[in-house]
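Colleague: I'd like to go over a predicted model; first the sequence, then the structure.
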Protein chains: 4
Amino acid sequence: MTDRNVRIEPFERRAVDDQEIEIVERKGIGHPDSICDGIAEHVSQALAQTYLDRVGTVLHFNTDETQLVAGEAAPAFGGGEVVDPIYLLIVGRATKHYDGQTIPTETIALRAAREYLAETIPELTFGEDVIVDVKLGEGSGDLQSVFGDDDVSVPMANDTSYGVGHAPLSETEEIVREAERRLNGPYSADHPELGTDVKIMGKREGDEIDVTVAAAMIDEYVPDLDAYRDAVEDVRAFVSDVAAEHTDRTVRVHVNTADDYDAGSIYLTVTGTSAEQGDDGSVGRGNRANGLITPNRSMSMEATSGKNPVNHIGKIYNLLSTQIAQAVVAEVDGVTDLRVRLLSQIGRPIDHPHVADVHVVTADGVAIADVADAVEAIVDRELGDVSELTRRVIDGELTTF
Amino acid sequence: MTDRNVRIEPFERRAVDDQEIEIVERKGIGHPDSICDGIAEHVSQALAQTYLDRVGTVLHFNTDETQLVAGEAAPAFGGGEVVDPIYLLIVGRATKHYDGQTIPTETIALRAAREYLAETIPELTFGEDVIVDVKLGEGSGDLQSVFGDDDVSVPMANDTSYGVGHAPLSETEEIVREAERRLNGPYSADHPELGTDVKIMGKREGDEIDVTVAAAMIDEYVPDLDAYRDAVEDVRAFVSDVAAEHTDRTVRVHVNTADDYDAGSIYLTVTGTSAEQGDDGSVGRGNRANGLITPNRSMSMEATSGKNPVNHIGKIYNLLSTQIAQAVVAEVDGVTDLRVRLLSQIGRPIDHPHVADVHVVTADGVAIADVADAVEAIVDRELGDVSELTRRVIDGELTTF
Amino acid sequence: MTDRNVRIEPFERRAVDDQEIEIVERKGIGHPDSICDGIAEHVSQALAQTYLDRVGTVLHFNTDETQLVAGEAAPAFGGGEVVDPIYLLIVGRATKHYDGQTIPTETIALRAAREYLAETIPELTFGEDVIVDVKLGEGSGDLQSVFGDDDVSVPMANDTSYGVGHAPLSETEEIVREAERRLNGPYSADHPELGTDVKIMGKREGDEIDVTVAAAMIDEYVPDLDAYRDAVEDVRAFVSDVAAEHTDRTVRVHVNTADDYDAGSIYLTVTGTSAEQGDDGSVGRGNRANGLITPNRSMSMEATSGKNPVNHIGKIYNLLSTQIAQAVVAEVDGVTDLRVRLLSQIGRPIDHPHVADVHVVTADGVAIADVADAVEAIVDRELGDVSELTRRVIDGELTTF
Amino acid sequence: MTDRNVRIEPFERRAVDDQEIEIVERKGIGHPDSICDGIAEHVSQALAQTYLDRVGTVLHFNTDETQLVAGEAAPAFGGGEVVDPIYLLIVGRATKHYDGQTIPTETIALRAAREYLAETIPELTFGEDVIVDVKLGEGSGDLQSVFGDDDVSVPMANDTSYGVGHAPLSETEEIVREAERRLNGPYSADHPELGTDVKIMGKREGDEIDVTVAAAMIDEYVPDLDAYRDAVEDVRAFVSDVAAEHTDRTVRVHVNTADDYDAGSIYLTVTGTSAEQGDDGSVGRGNRANGLITPNRSMSMEATSGKNPVNHIGKIYNLLSTQIAQAVVAEVDGVTDLRVRLLSQIGRPIDHPHVADVHVVTADGVAIADVADAVEAIVDRELGDVSELTRRVIDGELTTF
């Protein structure tokens, strides 16, 4: 049916929702690690798009190594100040000279970082609360003639690597992911006191879910301790409501549990991120490509953010395997849990992985054989469409963390 | 039997050795990510020891964020040169003032990095091939009065986090780990042409194991292409022999498969590490605490290297869970595969995790109930000995990557 | 008449205007050295003002060491781009903790630099064409209790140092200074193609003055070579007119003499400053406190820009001696040229210099004795008003370069 | 007699020794500014020599912008420690690619800096007490085909600039220069407690000379306050003896006058340089090319150290004018003081300055006409030998600060 090496097998384990203990974590967009992920990925998009615009093809680059050095801040009810700035170093490789043209890779990177910060963490005054520096080495100058205006071929894998994806999310995963997205979306639009550095951990034991939220509050909008208490309670109530939409299990929500009101120790910040005071960050240390950290599932160590979306196999396969898993769940009845692993081999076209290894948990009464053909067809189709995935990454349609 | 919350359960999956597909990777000590891990951990040891020596207790610090920016090199048969130096930025927090004393945290960090590099990658001329910079923010100054000369208490968990460990290693894991250790040990002592940047990937499909080695060769000891070919073949033969000691399965070893002799593209370096040319690195992006990257097993995203060994729960629980798993395998008959997860809760003593969750694969004919008591006793004992683990980390007896 | 040690003596040499050969130089505000001077001085003003606002007195600081590392640019008719950003490192010392307060010295410095660049070189996109970094060490924390809201005392000299000032400007000096000021003022308002990096050298031999202008043109406003030629000619004509206002001597004006049209080598820039391509800069390497480099006159090596205006004797005495010289020329008839030197002694109040040494060239028929009392009275008065000078420096009313 | 434009004129002023007030300063080799000068110049020598060795000619470079950011130290009787390292940034331009070769300019610069520091300030532990970083932009790649193995031509001036030199040294100048040289030479060999950061100011009023020495003492060799007092007194006595060799005038020597023994404030250091604690430095801010700061004489603002010795006219003319002045004094009787100024014009060969302007003070009874021919001949000869000067600079035979 396909010339691709696809293997469909039963998953030995139960669906994650049926396991006894589950742990899920998400670092919100203002977490120091996520800031690095976001900047690395936006730099990557900006470079890829510039290469397409100027030379018609994406040249060699890799920018998956942003380092954030925390600042020092003096928050205060009603508004404090950053004392020592955050230092952000964008690190990577990019092709600067090609076919007589000079590509201003460093200024492109700086602009992408600046625009990303302005959009996602506007409380950080650029060039004052945060210094952005850059060290982009010259790339090899090799042409990656594989993705461009008139691409007909598919790139070769640059490495022996693998990607892994899952679907559907468990209830706990849904709660953790949705809570952060909505806190950093509609909720914060109405509650300016909530910073972007929201870290959520979900822990499920049997049918009891504990959701622990660490939410940085922005001092300018918090006049006093009562207001702070209210802000904490508002987050708690909101997350409880979000959780109730996704599960019938018992959910307890805890917010800023490390606070000690008597000792005057609360999670108050000037800018809404702990990067302002003591929390360093870097790329690839936080959320996986699906936005979560899920020790109950296989995870890839690859940093997805910042990598070249044309030929970096770790990035592509992490995103693609997740997309395949989601497609299977959406399109094939009877699949309750699914893991897709794609393993590359150096030198093979990336649409022909060394092996595509799919483990499926089926619903009661459904056999693997009942779904295997449909699953394989989806794997085949999505692999064939891999260039479309690259395009969507460059356009910023896919999140990587 | 114990007041600790220990759960022993059967592992739903087969032992890793019995699974169909297995992937294992190890980045050798000269890999850019490993260089960062190693420096971060040595800085951590040096700081912890200095605090013990000077104030009798380990103060607040965390140095788990070294960033390496690759250099540029011009290797040549017989000896080339580094053109642009590697830039290494040590990042973290450390308490500089305590009880009237000033602790020279930055110079301690620089010395630890320098000594570590001199010992592990002597080909890198310090201050010429590599620049080491440091940005250590002032720590909170909080006393961590929990570990010192006369510690009687156990520290509280600083975070809700978890650690995970496994035992025993699968055959493929053994091969990958042993091959790197021996290449970077006795082999390189006899073969100066082999650099420290040895990256090994093992892939097993059923009973066929492919071991792919990327081995940086040092140009000074490689006079010409014939010598290079010999060096590659020597590594191949050596790794084949190592593999044969650990398995009866079919093993194929591939070394430097990306070489293209006709195009003059080979893996020749000046210093034995790809950090000299284009490969950036950072902490926590490579090997897990057990020295391997094992997508077939649960892994923690926590960077273990560089963290404070007294109270950083991610570090302690990753190392401790591995140690528990190894102890169980060594001491309890009938256990063929084992996963230990330790989940902390902020504010609880670290020797009393929220849950210690042990999944066991037993040998044919052995029931969980047959081994549960013995396993639980070991978990209990090792948790009770957690301070001893901290001591060993500070003394450098435990590897973290 | 005064208890200050003032010495009035005849100047052995002729007035500068009467000397045979004269050389004068001014680096415009967009010259890399001047950029550093300007940033250092604005950082100094911002810190001094913040200290006054927050603690009522100017604390210890010194920020006279900004370093600029040039970028790389690709100018093109009609508009090119910066390829590698300029890197600017603000260096110095400042008191961060005082009386329970934390002063955010680094963010203050960054803001001052950003605002200064935005105002003086708006073509430089902050955070994209230029990275501004900062390393401010902690000052000693000593209180400088000598200048504040209710100062009654005068600070002690912090060093044995001296300052030197002259008046009036010679014709050549007037031409050089005025030409740059007006080019960077009204002229550039009408001629957007003229960058701020205007460097002017005046050389007079007898009655012939050669004015050599190096003027960076901004590519966005220069569509082609003809437009460039016109821009150069416009500058030449304008400077010739300025010169004619200040002298009856013969003046030749040369603009961008290093251009080679045939070779396509012209002084075209993206941002109007050579800092974008290859010209590094630092504080104290360019203009002296009176805005000029005048090898025919005594000069102080002290960097005036960036220094603490309360007690840094080199800064104060350079500005004050210039102010005294100008006052003498304005108020006392018969003085044609004048040099004032103020020499401090550590530990003496700054309004009582070790010696104030005034050398006077008088007009024909005027004896030193005729003017000595008037000169001495002015020296005495201005020294007595030294705190007012500090106030004006903090308010940005005095230029330092 | 010569086709060079040489002008010999009487000097209007008296010889410096005969002026009423004289100020002279020298910053010793361990002063932060001098450290920068020394590193910049050694980097320059290393680059020039490497270019000669590898491509037979000196390519474009300029490294006159080292920035030193002071560290923080905790000195203590018997031996303290550096707490925060000194940060040194080498800045400049250098040609990295030429004729198919890659020149490792950054590693050359780092090595030169390391070797220079090891030799001159061995107390600074490299990579621990001091971090050396480098940012060398790519030079233009223009060939400077003017100085090399078989040079027959003379380079063209790269700028309109000038240099100035004097001879002989006044008595006060001799004292200041000799005292520093001998303190940092034979004296410190016998007195390990004396650091290299010795700053000497000489002030002469009529026949009274005050020599003020600020001498950093090294704590390791100073067990207590009595030893410190002795160290200070030893320096005072030594400098007094040196002074007596050079003058019959009254000399008072003051050492470390800012000390306050009661307040425990003394000039004690760990490494012998104030760069360890709060004193920043940069190139060109200290001594002029003749090793002194002499406000009584014309001075050039040009930083001599670090500049390209082949075609950087400011460097060459500062060194050459000094050499000419010294030669005249050595060879021509009746000259008591002499100033040589060399003014270049862009595009003219450097051995044919636009004007060589010599001002001479003659002994009683000697007329300018008596010495003019001899002086002119020396100017002519030395200009003709300018390439030899470049050679000596590259070989490190000439000091630049």
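Modeller: Here it is on my side, so go on.

Colleague: partners of the residue of the stretch 101-250 of chain A found nearest chain B in the sheet?
Modeller: Of all residues in the stretch 101-250 of chain A, the one sitting closest to chain B is residue A:135 (4.8 Å; CB to the nearest CB). Just so you know, the C-beta spots here come from the backbone N, C-alpha and C atoms, and that holds for glycine as well. Residue A:135 forms beta bridges with residue A:91, as assigned by DSSP bridges.

Colleague: need the contact list for it.
Modeller: The contact partners of residue A:135, taken as CB atoms under 8 Å, 6 or more residues apart in numbering or on different chains, are A:89-91, B:69, B:87.

Colleague: residue A:213: which element?
Modeller: Assigned by DSSP states H and E, residue A:213 falls within strand A:208-218.

Colleague: and the helix or strand following that strand, how far out from the chain's middle?
Modeller: Using DSSP H and E, the helix or strand that follows strand A:208-218 in sequence is helix A:225-246. Here helix A:225-246 shows a centroid-to-chain-centroid distance of 24 Å under the convention CA atoms, centre = their mean, to the nearest Å.

Colleague: contacts for helix A:225-246 next, please.
Modeller: Outside helix A:225-246, the residues touching it (CB under 8 Å, 6+ apart) are A:77, A:171, A:174-175, A:178-179, A:182-183, A:187, A:191, A:193-194, A:200, A:209, A:211, A:213, A:215, A:217, A:221-222, A:251, A:253-256, A:259, A:261, A:266, A:268.

Colleague: what's the average pLDDT for that helix?
Modeller: Helix A:225-246 carries an average pLDDT of 98.

Colleague: now for the residue in the stretch 151-300 of chain A that chain C sits nearest to: which residues touch it?
Modeller: Closest residue of the stretch 151-300 of chain A to chain C, CB to the nearest CB: residue A:270 (10.1 Å). Counting by CB under 8 Å, 6+ apart, residue A:270 touches A:73-75, A:79-82, A:123, A:129, A:218-220, A:276.

Colleague: tell me the most packed of those, by neighbour count.
Modeller: Using other CB atoms under 10 Å in any protein chain shown as the neighbour test, the contacts of residue A:270 are led by residue A:276, with 31 neighbours.

Colleague: ok, now which ones touch it?
Modeller: So residue A:276 contacts A:70-73, A:82, A:86, A:129, A:269-270 (CB under 8 Å, 6+ apart).

Colleague: kindly reformat those residues as a markdown table containing secondary structure, pLDDT and distance to residue D:332.
Modeller: Shown next, in a markdown table, are these (DSSP: H, G, I helix; E, B strand; the rest coil; pLDDT from 0 to 100; distance: CB to CB, whole Å):
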| residue | secondary structure | pLDDT | distance to residue D:332 |
| --- | --- | --- | --- |
| A:70 | coil | 97 | 67 |
| A:71 | coil | 96 | 65 |
| A:72 | strand | 95 | 65 |
| A:73 | strand | 96 | 69 |
| A:82 | strand | 97 | 66 |
| A:86 | strand | 98 | 65 |
| A:129 | coil | 97 | 65 |
| A:269 | strand | 97 | 75 |
| A:270 | coil | 97 | 71 |
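
Colleague: between those, which is nearest residue B:99?
Modeller: Distance to residue B:99 across the contacts of residue A:276 (CB to CB) is lowest for residue A:72, with 21.4 Å.

Colleague: just list whatever residues bridge to the closest one.
Modeller: Assigned bridge partners for residue A:72, using DSSP bridges, are residue A:84.

Colleague: re the thing from before, turn the contacts of residue A:135 into JSON lines, columns for neighbour count and pLDDT.
Modeller: JSON lines is the format used below for those (neighbours: other CB atoms under 10 Å in any protein chain shown; pLDDT from 0 to 100):
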{"residue": "A:89", "neighbour count": "22", "pLDDT": "98"}
{"residue": "A:90", "neighbour count": "24", "pLDDT": "98"}
{"residue": "A:91", "neighbour count": "29", "pLDDT": "98"}
{"residue": "B:69", "neighbour count": "26", "pLDDT": "98"}
{"residue": "B:87", "neighbour count": "22", "pLDDT": "98"}
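
Colleague: what does the stretch 301-401 of chain A put close to chain B?
Modeller: Within reach of chain B by CB under 8 Å from any CB of the partner chain, the stretch 301-401 of chain A has these residues: A:301, A:303, A:341, A:343, A:346-347, A:355, A:357.

Colleague: quick check: which element contains residue A:337?
Modeller: Per DSSP H and E: strand A:335-343 holds residue A:337.

Colleague: so what does whichever strand or helix holds residue A:45 touch, helix or strand wise?
Modeller: Residue A:45 belongs to helix A:32-55 when elements are defined using DSSP H and E. Judged by 3 or more CB pairs under 8 Å, 6 or more residues apart in numbering or on different chains; DSSP states H and E, helix A:32-55 is in contact with strand A:61-62, strand A:67-69, strand A:86-94, helix A:105-120, strand A:281-282, helix A:386-394.

Colleague: most neighbours per residue, which of the ones you listed?
Modeller: strand A:281-282 (a mean of 30; mean count of other CB atoms under 10 Å in any protein chain shown).

Colleague: and whatever helix or strand comes next after that strand, what does it pack against?
Modeller: The helix or strand immediately downstream of strand A:281-282 is helix A:313-331, counting by DSSP H and E. Secondary-structure packing of helix A:313-331 (3+ CB pairs under 8 Å, 6+ apart): strand A:162-167, strand A:335-343, strand A:355-362, helix A:368-384, helix A:386-394.

Colleague: can you lay out the contacts of residue A:135 as TSV showing distance to residue B:235?
Modeller: As requested, the contacts of residue A:135 are arranged in TSV below (distance: CB to CB, whole Å):
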residue	distance to residue B:235
A:89	35
A:90	36
A:91	30
B:69	28
B:87	30
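
Colleague: now for those: which two are most distant?
Modeller: Maximum distance among those (CB to CB): 12.9 Å, for A:90 and B:87.

Colleague: before we move on, back to that, quick check, nearest of the contacts of residue A:135 to residue C:325?
Modeller: When these are compared for distance to residue C:325 (CB to CB), residue A:89 wins out at 48.4 Å.

Colleague: could you pick out the residues of the stretch 101-250 of chain A near chain B for me?
Modeller: Neighbours of chain B within the stretch 101-250 of chain A, by CB under 8 Å from any CB: A:135, A:137-140, A:160, A:162, A:164, A:201, A:203, A:205, A:212.

Colleague: neighbour-wise, which one of the residues you listed leads?
Modeller: The most crowded member of those, judged by other CB under 10 Å, is residue A:162 (27 neighbours).

Colleague: just grab the bridge partners of that one for me.
Modeller: On the basis of DSSP bridges, residue A:162 is bridged to residue A:343.

Colleague: which positions in chain A make contact with chain C?
Modeller: A:74, A:81-85, A:87, A:96, A:102-107, A:110-111, A:114, A:125-129, A:131-134.

Colleague: how about low-confidence regions in the stretch 51-200 of chain A?
Modeller: Low-confidence segments of the stretch 51-200 of chain A (pLDDT under 70): A:139-152.

Colleague: cutoff 90 now
Modeller: Scanning the stretch 51-200 of chain A with the threshold set as pLDDT under 90 gives A:99-100, A:138-162.

Colleague: now do the contacts for the residue of it found nearest chain B.
Modeller: In the stretch 51-200 of chain A, the residue that lies nearest chain B is residue A:67 (3.9 Å; CB to the nearest CB). Residue A:67 makes contacts with A:36, A:88-89, A:91, A:280-282, B:65, B:67, B:89, B:91, B:282, as judged by CB under 8 Å, 6+ apart.
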